[in-house]
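Engineer: Give me a model of this one.
(chains A and B)
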There are 2 protein chains.
Amino acid sequence: MQRYFVENQLTVGTAFALDATVSKHWLQVLRAEPGAQAEFVDATEHVFLGELLADERVQVIEELAVNVELPVHVTILSGLPKQDKAEWIVQKATEMGAFDIAFFGADWSVAKWQPNKVAKKLARLQKIAQGASEQSHRTHVPTVRFFNTLKQAVAEVETDHLVVAYEEAAKQGEQANLVQLMNRTQPGDRLTAVFGPEGGISPAEMTLLTERSATVAGLGPRILRTETAPLYFLAAVSTLLELS
Amino acid sequence: MQRYFVENQLTVGTAFALDATVSKHWLQVLRAEPGAQAEFVDATEHVFLGELLADERVQVIEELAVNVELPVHVTILSGLPKQDKAEWIVQKATEMGAFDIAFFGADWSVAKWQPNKVAKKLARLQKIAQGASEQSHRTHVPTVRFFNTLKQAVAEVETDHLVVAYEEAAKQGEQANLVQLMNRTQPGDRLTAVFGPEGGISPAEMTLLTERSATVAGLGPRILRTETAPLYFLAAVSTLLELS
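Structural biologist: Residues are numbered from 1 along each chain as shown, chains lettered A, B, ... in the order given. All right, here's what the predicted structure looks like:
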């Protein structure tokens, strides 16, 4: 069933008007007719079943109690990657349950975002996050942010647990820290996972993180690309906390 | 350090000639000079340290005992996806340790491969698998295959465990079967994981699989795209079998 995010707060038993974007997709592209139903996620991240009325408003039938969100809030904090990998990361990390996503200008980032272009790039990535959330039937849409440096990112992102996926740790056979970290988390905890760009994380950035007691984790023995590592991390979190 | 796959069998203390592809990359693109070292994976999947000689042959210095392969052999068997997602799947699944990768013409595949184009497409995907193996520092290069139907694929792929990632199972909250399956595996076991194309797996295909005692597994509560699900699966296998 189609799922749409709406900006207002919905109440069972009332009707609301669709915004232009949803109306265009549901009524024109999908040719929905009165009686057609869809899921609507409102501003409070609750999911409702809605039915299209003859006047093109939607009747809120009932609330659907479906929670597909990860039990911990994972912020993916990635060194800015090249080309359109940022789009790929946003889409896939959203599919896999990231709470929010931020990019930072890493010491060894080849890609750079000009200050006057950041807002436009973030707006595009935000649209991608919303589309991916809808397709994944999530109730939360990750916010996408950008920080000029890792130092700024770490100063501004509040978190309960800081972890860095470090290639060198993987090469040295580190494989226990991620599991031990997940064993220490409580539902609702905020986890910030840091990933380097193509060139990796610099020594100065590692020092910044370890000074803040970051967990240094290997993600299995294979070297993963900058756009793949966050997906391994999210799948690992899901495997350890959601599957049993 | 660079890693290259070579077709011959290497022996410590001997020297060998580079093939044209490796020679071009190491000597011309990277401008390696005598004394430069690289890792070479030979036909038996052993890794050796090699040093470039003045005559452009390579002296095999020592064997490196590094195993980065998953303890079970995972075949990713995916319904043929649209556009260049097959390339993404091959690259990322190889990064994440797939033993081999096969595509099949699913009942609900939108994409189709014309018989006279299959060989060319597979050759291209095979190159992608090799490049991804090199970058991930793996010793095994996945073979990429194509089957016209799931029925043919299941008849030809020998396996110890058959599992299907089924979207409907995820929606119904199934989350124990994958973990239970991994608890039953032994090192060296062959696992074949089936994924549907964008449209999903058809009822007839599900019947085919369940008749062969396939484990039906949910991959967490979020709906994953056809190109993302295999990556979740491989990360989950790694998390359950390699991290501790």
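Engineer: What residues does chain A have near chain B?
Structural biologist: Residues of chain A lying close to chain B (Cβ under 8 Å from any Cβ of the partner chain) are A:67-68, A:92, A:95-97, A:135-138, A:175-176, A:178-179, A:218-225, A:228, A:231-232, A:235-236, A:238-240, A:242-244. Quick note: C-beta positions are derived from backbone N, CA and C, even for glycine.
Engineer: make it 6 Å
Structural biologist: Contact residues, chain A versus chain B (Cβ under 6 Å from any Cβ of the partner chain): A:68, A:92, A:95, A:97, A:136-137, A:175-176, A:178-179, A:220-224, A:228, A:231-232, A:235-236, A:238-239, A:242-244.
Engineer: excluding its backbone neighbours, what's nearest the residue of chain A found nearest chain B?
Structural biologist: Shortest chain A-to-chain B distance, computed as Cβ to the nearest Cβ: residue-wise this is A:A235, at 3.5 Å. In this structure, A:A235 finds its nearest non-sequential neighbour in B:A235, 3.5 Å apart by Cβ to Cβ, 6 or more residues apart in numbering or on different chains.
Engineer: Wasn't the one you found part of a helix?
Structural biologist: Yes - assignment of B:A235 by DSSP: H, G, I helix; E, B strand; the rest coil places it within a helix.
Engineer: which residues sit against the worst-scoring helix or strand of chain A on mean pLDDT?
Structural biologist: Of all the helices and strands that make up chain A, helix A:167-171 has the lowest average by mean pLDDT, DSSP states H and E, namely a mean of 74. The contact list for helix A:167-171 (Cβ atoms under 6 Å, 6 or more residues apart in numbering or on different chains) reads A:200, A:216, A:218.
Engineer: so the residue of chain A closest to chain B makes contact with B:F233?
Structural biologist: No - A:A235 is not in contact with B:F233 according to Cβ atoms under 6 Å; the separation is 8.2 Å.
Engineer: Per-residue pLDDT of the residue of chain A closest to chain B, please?
Structural biologist: A:A235 carries a pLDDT score of 97 in this model.
Engineer: cool, A:R57 as well?
Structural biologist: The per-residue pLDDT of A:R57 was computed as 95.
Engineer: likewise A:V60?
Structural biologist: With respect to pLDDT, A:V60 scores 96.
Engineer: can I see the domain layout of chain A?
Structural biologist: A:2-64, A:73-242 (the TED database).
Engineer: excluding its backbone neighbours, what's nearest the residue lying farthest from the centre of chain A?
Structural biologist: Distance from the C-alpha centroid of chain A peaks at A:A54, with 36.2 Å (Cα atoms, centre = their mean). Closest residue to A:A54 apart from its sequence neighbours, by Cβ to Cβ, 6+ apart: A:P34 at 4.6 Å.
Engineer: And the strand or helix carrying A:I128, what's buried?
Structural biologist: In the assignment (DSSP states H and E), A:I128 maps to helix A:118-135. For helix A:118-135, a neighbour-count test (16 or more other Cβ atoms under 10 Å in any protein chain shown) marks A:121-122, A:125-126, A:128-130, A:132-135 as buried.
Engineer: Next: stretch A:72-91.
Structural biologist: Result for stretch A:72-91 [16+ other Cβ under 10 Å]: buried residues A:72-81, A:85-91.
Engineer: Take those residues and keep only those in strands.
Structural biologist: A:73-79 (DSSP state E).
Engineer: how about the residues you listed in TSV, adding pLDDT?
Structural biologist: Below are those laid out as TSV (pLDDT from 0 to 100):
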residue	pLDDT
A:H73	97
A:V74	98
A:T75	98
A:I76	98
A:L77	98
A:S78	98
A:G79	97
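Engineer: before we move on, back to that, please name the strands paired to the next helix or strand after the helix holding A:I128 in the sheet, noting orientation.
Structural biologist: The element immediately downstream of helix A:118-135 (helix or strand, assigned by DSSP H and E) is strand A:143-147. Partners of strand A:143-147 in the sheet, by DSSP bridges, are strand A:100-104 (parallel).
Engineer: Just want the angle from the partner strand to helix A:118-135.
Structural biologist: Interaxial angle, strand A:100-104 versus helix A:118-135 (axes from the mean of the first three to the mean of the last three Cα atoms, to 10 degrees): 150 degrees.
Engineer: next one: strand A:100-104 to chain centre, how far?
Structural biologist: Remark: strand A:100-104 is offset 9 Å from the chain centroid, using Cα atoms, centre = their mean, to the nearest Å.
Engineer: Export that strand to CSV, keeping only CA atoms.
Structural biologist: Extracted C-alpha coordinates of strand A:100-104, given in CSV (Å, rounded to 0.1, in the frame of the first residue of the first chain):
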residue,chain,number,x,y,z
ASP,A,100,19.9,10.9,10.7
ILE,A,101,22.7,11.4,8.3
ALA,A,102,25.5,14.0,8.3
PHE,A,103,28.5,14.6,6.0
PHE,A,104,31.6,16.4,7.0
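Engineer: Direction-wise, compare that strand with strand A:73-79 and give the angle.
Structural biologist: Going by the same axes, to 10 degrees, strand A:100-104 makes 20 degrees with strand A:73-79.
Engineer: my guess is A:H25 is in a helix, correct?
Structural biologist: Yes - A:H25 forms part of a helix when assessed by three-state DSSP.
Engineer: any idea which element the residue nearest to it when sequence neighbours are not counted lies in?
Structural biologist: Using Cβ to Cβ, 6+ apart and skipping the chain neighbours, the partner closest in space to A:H25 is A:Y4 (7.7 Å). Element membership for A:Y4 (DSSP H and E) is strand A:3-5.
Engineer: so after that strand, what's the next helix or strand?
Structural biologist: Following strand A:3-5 in sequence order, the next helix or strand is strand A:15-17 (DSSP H and E).
Engineer: From the chain's centroid, how far away is that following strand?
Structural biologist: 29 Å.
Engineer: In that strand, which residues are buried?
Structural biologist: Neighbour-count burial for strand A:15-17, counted by 16+ other Cβ under 10 Å, picks out A:F16.
Engineer: Quick one: residues in contact with it.
Structural biologist: Contacts of strand A:15-17 (Cβ under 6 Å, 6+ apart): A:57-59.
Engineer: same check, this time on stretch A:225-239
Structural biologist: Identification of contacts with stretch A:225-239 by Cβ under 6 Å, 6+ apart yields A:76, A:81, A:85, A:88-89, A:92-93, A:96-97, A:165, A:193, A:195, A:197-198, A:219, A:224, B:92, B:95, B:220, B:231-232, B:235-236, B:239.
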